[in-house]
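> here's my sequence, what's the structure:
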Amino acid sequence: MSVGNRKRSVPDAGTAAILRHWREAVPNDRLAHLVKDVTRALLRALQTRLARHGVAFGHWAFLRILWESDGLTQRALSAGAGLMEPTTSAALAAMEKAGYIRRERKPGNRKNMHVFLTPTGKALRRKLVPLAEEVNAVAVRGASMADVAATRRTLLVMVENLARDEVAGRKRRPMPSTRALARRVAAAGVTRTRARGNGRARADLQY
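The predicted structure is shown next:
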């Protein structure tokens, strides 16, 4: 059911600029840019809600993984969150200090550090998951169920196509290093963000 007639609040200056970009300046700009703008908006909305509960946005990805697979190694958490291990280690240290997790090595295997949720960390699931669900609901407000379903199908096709392209690319040429790829992404983000008059550039990919 569409709720497009619902009264909408006035967007802030940053959002208004993005809307002008898409509706007036270049409505047919590349789809990748649109997906990136939507992702940034989703992340900001979730970050704001998490902050009200005193939870850092950088901890969300790790909590979400641990709620489903408690006791993973620190390396597995890094891979699951798509982050470098030093970044993961710093985040986990802060989470441990906040009382969300505990880290320990299992007997017989002193090499791997395993991460476990504390009762406090487990209890956060009841508070934080509804916030993410709320953000998703807000994002599709005014869209029909059919449009939402079509969007999901399209995004899944894009994921599959890009995954196949990546596999084919590995056969044609070696993959760039993670550091080199990060520099390219950062450079592209800075160029596009500055063009919109916003000095802050981010390449947020986790949600």
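> use CA for all of it now, contacts and neighbours both
OK.
> what helix or strand is the closest residue to Leu63 other than its chain neighbours located in?
In this structure, Leu63 finds its nearest non-sequential neighbour in Gly121, 7.4 Å apart by C-alpha to C-alpha, 6 or more residues apart in numbering. Taking DSSP states H and E as the definition, Gly121 sits inside helix 119-139.
> outside of that helix itself, list whatever touches it.
Contacts to helix 119-139, defined as C-alpha atoms under 8 Å, 6 or more residues apart in numbering, come from residues Leu42, Ala45, Leu46, Arg49, Leu50, Leu63, Trp67, Gly99, Tyr100, Ile101.
> now do the contacts for the fourth one.
I take that to be Arg49. Leu131.
> surely Gln74 is in contact with Phe116?
No - contact criterion C-alpha atoms under 8 Å: Gln74 and Phe116 do not qualify, at 10.1 Å.
> please say which of the two ends up with more neighbours.
Between Gln74 and Phe116, counting by other C-alpha atoms under 10 Å, Phe116 is the more crowded of the two (21 against 18).
> how far away is Leu63 from Gly169?
Applying C-alpha to C-alpha, to the nearest Å, the value for Leu63 to Gly169 is 33 Å.
> of the two, who's got more company?
Leu63 (22 against 12).
> so which strand or helix has the more buried one?
Assigned by DSSP H and E, Leu63 falls within helix 57-68.
> where along the protein do the strands fall?
Assigned by DSSP state E, the strands in the chain fall at 101-106, 109-117.
> turn those strands into a markdown table, including distance to Arg153.
A markdown table is the format used below for the strands of the chain (distance: least, C-alpha to C-alpha, whole Å):
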| stretch | distance to Arg153 |
| --- | --- |
| strand 101-106 | 36 |
| strand 109-117 | 34 |
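> select, out of the ones you listed, the one closest to Thr88.
strand 109-117 (11.3 Å; C-alpha to C-alpha).
> pull the CA atoms of that closest one into CSV?
Extracted in CSV, the C-alpha atoms of strand 109-117 (Å, rounded to 0.1, in the frame of the first residue of the first chain):
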residue,chain,number,x,y,z
ASN,A,109,44.8,-23.2,20.4
ARG,A,110,46.5,-20.1,21.8
LYS,A,111,46.9,-18.5,18.4
ASN,A,112,43.3,-17.4,17.6
MET,A,113,41.5,-14.8,19.7
HIS,A,114,37.8,-15.6,20.0
VAL,A,115,35.2,-12.9,20.7
PHE,A,116,32.2,-13.5,22.9
LEU,A,117,29.2,-11.3,23.7
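> buried set for it?
Across strand 109-117, burial judged by 16 or more other C-alpha atoms under 10 Å covers Met113, His114, Val115, Phe116, Leu117.
> lowest pLDDT pick from those?
Looking at the buried residues of strand 109-117 by pLDDT, the weakest one is Met113, with 91.
> report how many residues lie close to the closest residue to Lys111 other than its chain neighbours.
Leaving out its chain neighbours, the residue that sits closest to Lys111 by C-alpha to C-alpha, 6+ apart is Arg105, at 7.3 Å. When neighbours are counted by other C-alpha under 10 Å, Arg105 registers 13.
> and Gly169, how far is that from Leu162?
10 Å.
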